[in-house]
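A.B. asks: Here's a sequence, model it:
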Amino acid sequence: MADLFAVFDNYVLIGEVKITARSSVIEQLEITIESIRRNRPELLESKRIIPVIFSMRPKYIRRECGEKGIFLTDG
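C.D. replies: Numbers count the residues shown, from 1 in each chain. Have a look, this model is predicted:
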């Protein structure tokens, strides 16, 4: 399951928090989102998903996150 999950208005924030983020974190986030879509679709119904990764060292995945529409922040 995700480290972060918040529902507000028409948005659902789903995220991971890691000291050093690598490609495996992106894969885990994508798996988590798909799992929620399959198992708890009512949580995402009529909502925009905001995927996010918080990392102290995000440089390893910056490009890949941008390509996949995942927000990446270091704080």
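
A.B. asks: which residues of the chain fall in helices?
C.D. replies: 23-39, 62-68 (DSSP state H).

A.B. asks: I figured Ile70 was touching Val52, is that so?
C.D. replies: Yes - at 6.8 Å, Ile70 and Val52 qualify as touching, with contact defined as CB atoms under 8 Å. The way it works is simple: take the backbone N, C-alpha and C, and place the C-beta from them, glycine included.

A.B. asks: wait, what's in contact with Thr73?
C.D. replies: Contacts for Thr73 (CB atoms under 8 Å, 6 or more residues apart in numbering) come out as Val52, Ile53, Phe54, Ser55, Pro58.

A.B. asks: What of Ile26?
C.D. replies: Neighbouring residues of Ile26 by CB under 8 Å, 6+ apart: Ile53, Ile61, Glu64, Cys65, Lys68, Ile70.

A.B. asks: Distance check, the fourth one against Phe5.
C.D. replies: Between Cys65 and Phe5 the computed distance is 19 Å (CB to CB, to the nearest Å).

A.B. asks: Neighbour count for these two, which is higher?
C.D. replies: The neighbour count for Cys65 versus Phe5, taken as other CB atoms under 10 Å, is higher for Cys65 (22 against 13).

A.B. asks: Give me the pLDDT value at the more buried one.
C.D. replies: For Cys65, the pLDDT comes out at 94.

A.B. asks: Just give the number of residues close to the nearest residue in space to it that is not next to it in sequence.
C.D. replies: Closest residue to Cys65 apart from its sequence neighbours, by CB to CB, 6 or more residues apart in numbering: Leu72 at 4.2 Å. Neighbourhood size, Leu72 [other CB under 10 Å]: 21.
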